[in-house]
Every structure is written in structure tokens, then in C-alpha cells.
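Visitor: Sequence first, predicted model second:
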Amino acid sequence: MKPTDSTADSALAGGADGPEALGPLIDVALEALRLGAHRRGGPLPAGTPDELARAVVAAAGAELLPERGIGASAALATLGTGLTAGTADPADPYCAGHLHCPPLAVAVAAEVVAAALNPSLDSWDQGPSATELEPLVVATLARLVGYRPDASAGVVTSGGTESNLMGLLLARDAAVLAATGAQAATVGLGAVGSRLRFFCAEVAHFSVRRNAALLGLGEEAVIPVPVDHAYRMDPAALADRLAATVRAGGLPAAVVATAGSTDFGSIDPLPEIAEIAARHRAWLHVDAAYGGGALFSDRLSGLLDGLDRADSVALDLHKLGWQPVAAGVFLTADAATLAPLSQRVAYLNPSDDEAAGYPSLLGHSLRTTRRVDAFKLAVTFRALGRTGMGRLVDAVHHLALHAAARVRADPHLELAADPVLSTVVFRYRAGARSGTVNAALRRRLLTEGAAVVGRTEVGDTVWLKLTLLNPHATTADVDALLDLVVRAGTAEERSEPVGTAGQRSEPVAAENRSAVLSQRTGDIAEEVNR
């Protein structure tokens with residue numbers, strides 16, 4: 001590539017001339033997506049991590065920051081194609097390893113608008129329309145949860161981990177205030193800090209422990225609660241542990257219920273947990289980062305009965321909301337509980353500006369500079385409506401039920417639990433070698449570029465996991481993916497070389513999958529537009 005000093009390479013995306021400068025680059029980006037996907041040829045690139053690392057370095061060029069640049073179009077084309085060719089694509093039906101959704105095209109298009117304008121939500125004058133839009137999105141989701149929009153509040157976050165951190169922060173400060181009459185945000189935790197305890201199911205998200213450490217309480221402040229056969233928190237065990245903690249001089253600061261565990265999609269019994277938390281005057285935070293999407297579905301929303309009794313809720317719409325990362329949301333039933341986050345900064349939210357009617361969202365977030373991630377949510381909600389979103393949720397739930405039935409019917413496979421949302425935990429049967437074989441067959445599929453299958457542990461052995469988040473995938477795709485798992489497992493048992501078993505379907509089958517996928521996409525679009 002020849003170096004360039006063209007002023008077009010430093011054109012801005014915003015302003016009256018921004019669209020003219022951005023348009024040709026959008027075309028380059030789209031072509032890079034097409035070419036990169038063709039080169040990849042499947043859900044992820046074939047090769048070892050070392051081989052893929054070398055490919056990334058090659059795409060970046062001899063110098064990532066040369067003395068003179070190669071030009072906007074050339075850089076975007078080269079690196080864009082390389083990124084696409086070297087990534088895992090959650091839109092491929094065989095990419096089903098994580099809570100990593102394929103984003104809706106309308107949401108990605110909305111991202112382009114937001115990125116071009118680049119508003120920030122830390123002061124009104126950096127994003128007037130964005131400052132007004134985010135509270136509308138928060139109020140919409142608050143109503144969906146069952147909160148009173150006039151009493152509740154919230155903020156768009158980077159994801160479930162940040163939302164859980166906010167819930168535990170507010171719970172911690174509420175507990176300190178109740179015990180000492182002092183504001184922890186001002187005077188710290190004092191002696192009471194060592195007595196604070198959080199309670200969550202033993203299968204709760206790891207961010208509960210990590211956040212306890214970040215909040216100065218330590219991971220040992222988190223009390224794990226046993227689960228039942230369906231991996232839901234046992235209310236009786238919760239009551240026992242709360243009582244034991246009080247007897248030992250501890251202070252129950254929060255109960256964290258899970259509505260959609262990462263591995264099993266399990267949903268804790270929210271009404272019973274709410275009753276127990278209330279008896280102990282403990283803050284109830286519900287991590288609904290995964291399961292919150294069920295609220296869009298008429299068929300599945302009943303799984304979240306009792307969610308409206310939580311003091312705070314974490315949602316994450318880059319899971320069952322089909323949004324580009326990031327699209328987390330934190331909600332609290334009582335807007336006044338956000339007081340510990342309040343800040344007054346002369347250059348962002350001076351009091352006289354607020355008195356004159358210029359609002360500020362600075363005191364709603366742990367962050368200062370923030371993207372207007374609410375915009376893509378607003379566009380998506382208006383485009384599809386609750387019913388359209390619900391159809392997507394129902395589609396992936398149907399795929400999970402089909403996958404579970406298919407696993408039960410296959411003598412080579414074993415199901416760990418009935419699916420609740422869109423996750424299916426299973427394993428290839430390999431006797432005493434099950435753990436080793438399942439771990440190895442997953443890596444085999446990754447190296448061959450054939451499939452992205454998740455893994456977890458049940459007991460002390462490795463199991464596999466399908467996290468089915470592509471609403472346009474078909475039951476035939478699921479069957480073919482499970483066939484790949486069986487072939488890869490058989491190859492591992494026989495110690496066959498990588499590349500001989502877990503290969504993607506032959507080209508004709510791939511073309512058939514594409515046709516079915518296109519038909520399915522058209523069907524859902526037609527349903528949503530009715």
C-alpha cells in the first residue's frame with residue numbers, strides 16, 4: 001500500500017459534510033465484511049491460536065503506526081477483512097458457545113448514527129437529545145419489569161457485571177446507613193463493613209464475588225446458597241443461612257437472585273426469595289442479565305413472576321435482546337436509592353444549570369463519559385415492538401427444546417438438565433474418559449473451524465453447552481451441529497488427527513443451510529411486520 005496524505009483520510013463523520021465522507025467508507029466496510037466472511041467460510045477460522053495470531057499480525061501490517069498512513073479506505077479494507085476472517089461469527093448457526101448474540105441489522109445501523117455523532121451522557125450540552133432519550137428507554141424497561149416509572153430510575157450500563165456492581169453498591173450503602181446512620185459514600189464502611197454479607201445461589205454469576213471484592217468486602221463476604229435439582233436457589237437453605245449469619249453477628253446486606261443462570265438458564269423462585277429477603281430487611285437484587293429477555297415473550301414472561309418485588313434489577317440486552325455490545329441496563333425501584341452516586345462537578349452539572357432546567361445523568365452511573373447505547377435500544381424497540389422481540393425469544397427457546405429432545409434420543413449424548421431459556425448443557429458419553437474427551441472434542445471443533453461449542457463443569461467433570469441465540473437458525477442446523485459433536489467425540493476416542501472428523505458439512509449442505517436460513521429470516525420479518 002502506498003502512503004497517503006489525503007485530507008479525505010481525516011474527514012469527520014459528523015457535521016453537514018459527514019455523511020458524504022462516511023458513505024464511501026461504509027461501502028468499504030460492507031465489502032470487508034463480505035470478503036472476510038467468505039475467507040472464514042464458517043463460524044470461526046480454522047487453525048490453532050498461534051496460526052490465527054500470526055494472521056492478525058499480518059493483516060495489521062509491518063507497522064501498525066507507520067510514519068505515513070496508507071489511507072482510510074486501504075486501512076479499513078485490510079484490517080476489516082482480517083478482523084472478519086479471523087473472528088467467531090454468532091450469526092452462524094454453528095456458533096453457539098456463549099451468551100454472545102448475533103446483533104440485529106437495525107441495531108447495528110443505529111450504532112452507526114450514534115457513533116458518527118459521538119454524544120456523551122455525562123453532561124446535557126454534550127448530548128441534549130441523548131440525555132432525554134435514555135430516561136425514556138429506562139422507563140420503558142422499568143414498566144416491563146413491573147416498576148412504577150414515576151418512582152423508579154436506572155441507567156444503561158456496559159453489561160451485567162456493571163449492573164450487578166451497581167446493585168451491590170447500593171445495597172452495601174443502604175445497609176451501612178441502616179446500621180450506623182452514616183453515608184458510606186462520605187465516611188466509608190467503618191467497623192460495620194466487616195459484618196456485611198451478600199447471599200446468592202452457588203451457580204450465580206462470578207461477578208457477585210468479584211464485585212464484593214471491588215466494594216471492599218472481600219469474596220468471603222459472599223455466602224453461597226445450595227440449589228435444587230433444577231439449579232435454582234433453595235429458599236429454605238437461604239433462610240437457614242440468613243438466620244445463621246445473624247446469629248454469628250453478620251449483617252445481611254443483599255440477597256442476589258438469578259433470573260437466567262449462565263450455564264443452565266435457571267431462574268430462582270423470586271416470590272419466595274423476596275419474602276425471605278424482606279423478613280431480614282435485606283436488599284433484593286435480581287441478576288436478570290440473561291433471563292430478562294423472557295419479559296418480551298407472552299409464553300415465557302411468567303418465569304419472572306416476582307421480579308417487580310426486587311429493589312434492583314440487572315438486564316443485558318446484548319443477550320436476549322440482539323443488540324451489539326454493550327447494552328446492559330440497571331434499574332432500581334426507588335430513584336432515591338441512587339443518592340450515593342450523586343456528584344456535583346462545575347464543568348459538567350453546575351447547580352444553576354440544573355435549576356434552570358438543564359438535566360444531568362451524571363449521578364446515575366459509575367462512569368463519566370458514556371456512549372448513547374440507549375439509542376440502538378430505542379430504535380430496536382420501535383422497529384420490532386414487544387411482540388416482535390418476543391417472537392425472537394420464542395424462536396431460540398424452541399431451538400433449545402429441540403436440541404434437548406435430540407440429545408435425549410442420541411445414545412452417544414447425555415443431557416444435564418431440561419432447558420429453561422436457550423441454553424442446553426450436555427456431553428458426549430465416553431465413560432471414565434468423559435471429561436477429557438469432551439474438553440478435547442470442543443478444542444478439535446475450534447481448531448477445524450467447524451463449530452463454537454461452550455463448556456462448563458457439572459460436579460467435577462467437563463460438559464458441553466449450546467447457547468442458542470440465533471433466532472433464524474433451524475432445527476436442521478441444531479441437528480447438524482450435534483452430529484458434528486458426535487463425530488468429533490468419536491474421533492477423540494479413536495485419537496484420530498485433527499481435521500479428520502469434526503469438519504463442516506459439505507458445500508451442498510452449506511448452501512442448503514443458507515437457503516433455509518434466508519427463508520427463516522423472511523418468515524420472521526413477515527411475522528413482525530404483520
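Guide: Sure, I can see it.
Visitor: going forward, measure contacts between C-alpha atoms and count neighbours the same way
Guide: Noted.
Visitor: and the spatially closest residue to residue 9 that is not a sequence neighbour, what does it touch?
Guide: Counting by CA to CA, 6 or more residues apart in numbering, residue 9 lies nearest to residue 72, which is 5.0 Å off, once chain neighbours are set aside. Applying CA atoms under 8 Å, 6 or more residues apart in numbering, we find residue 72 in contact with 9, 10, 25.
Visitor: what about residue 424, is that helix, strand or coil?
Guide: strand (DSSP: H, G, I helix; E, B strand; the rest coil).
Visitor: unless I'm mixing things up, it is touching residue 469, no?
Guide: No - because the distance of 11.4 Å does not satisfy CA atoms under 8 Å, residue 424 is recorded as not touching residue 469.
Visitor: between these two, which one's more packed in?
Guide: Neighbour tally, residue 424 and residue 469, criterion other CA atoms under 10 Å: the higher count belongs to residue 469, 33 against 28.
Visitor: pLDDT value on the more buried one, please?
Guide: Reading off the per-residue confidence, residue 469 sits at a pLDDT of 98.
Visitor: Would you mind identifying the next helix or strand past the helix or strand where residue 78 lies?
Guide: Assigned by DSSP states H and E, residue 78 belongs to helix 72-85. Moving toward the C-terminus from helix 72-85, the next helix or strand (DSSP H and E) is strand 95-96.
Visitor: So which one of the contacts of residue 72 is the model least confident about?
Guide: Within the contacts of residue 72, pLDDT reaches its minimum at residue 9, with 90.
Visitor: Not counting sequence-adjacent ones, nearest residue to residue 321?
Guide: Spatial nearest neighbour of residue 321, excluding adjacent residues (CA to CA, 6+ apart): residue 293 at 6.2 Å.
Visitor: Could you report the neighbour count for that neighbour?
Guide: For residue 293, the number of neighbouring residues by other CA under 10 Å comes to 27.
Visitor: cool, and the one 10 residues further on?
Guide: The local packing count at residue 303 equals 21, with neighbours defined by other CA under 10 Å.
Visitor: For residue 269, see how far away it is.
Guide: Relative to residue 269, residue 303 is positioned 9 Å away (criterion: CA to CA, to the nearest Å).
Visitor: cool, residue 250 as well?
Guide: As defined by CA to CA, residue 250 lies at a distance of 24 Å from residue 269.
Visitor: How about residue 20?
Guide: In this structure, residue 20 and residue 269 are separated by 54 Å, where distance is defined by CA to CA.
Visitor: For residue 405, which residues are in contact?
Guide: The contact partners of residue 405, taken as CA under 8 Å, 6+ apart, number zero.
Visitor: What's the mean pLDDT across the helix or strand that contains it?
Guide: When elements are assigned from DSSP H and E, residue 405 belongs to helix 374-409. Across helix 374-409, pLDDT averages out at 98.
Visitor: Next up, identify which helix or strand residue 440 is on.
Guide: For residue 440, the host element (DSSP H and E) is helix 434-447.
Visitor: Can you name every helix or strand that that helix contacts?
Guide: The helices and strands touching helix 434-447, judged by 3 or more CA pairs under 8 Å, 6 or more residues apart in numbering; DSSP states H and E, are strand 423-428, strand 452-458, strand 461-467, helix 475-493.
Visitor: Run the chain-centre distance for the first one.
Guide: Using CA atoms, centre = their mean, to the nearest Å, we find the averaged C-alpha position of strand 423-428 to lie 20 Å away from the chain's own average C-alpha position.
Visitor: for that strand, packing partners?
Guide: Applying 3+ CA pairs under 8 Å, 6+ apart, we find strand 423-428 packed against helix 374-409, strand 413-415, helix 434-447, strand 461-467, helix 475-493.
Visitor: With distance to residue 224 as extra columns, can I get the ones you listed in JSON lines?
Guide: Conversion of the helices and strands packed on strand 423-428 to JSON lines gives the following (distance: least, CA to CA, whole Å):
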{"stretch": "helix 374-409", "distance to residue 224": "28"}
{"stretch": "strand 413-415", "distance to residue 224": "25"}
{"stretch": "helix 434-447", "distance to residue 224": "25"}
{"stretch": "strand 461-467", "distance to residue 224": "21"}
{"stretch": "helix 475-493", "distance to residue 224": "33"}
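Visitor: re earlier: if we go by neighbour counts, what in the helix holding residue 405 is buried?
Guide: By 16 or more other CA atoms under 10 Å, the buried positions in helix 374-409 come out as 374-381, 384, 386, 388-404, 406-407.
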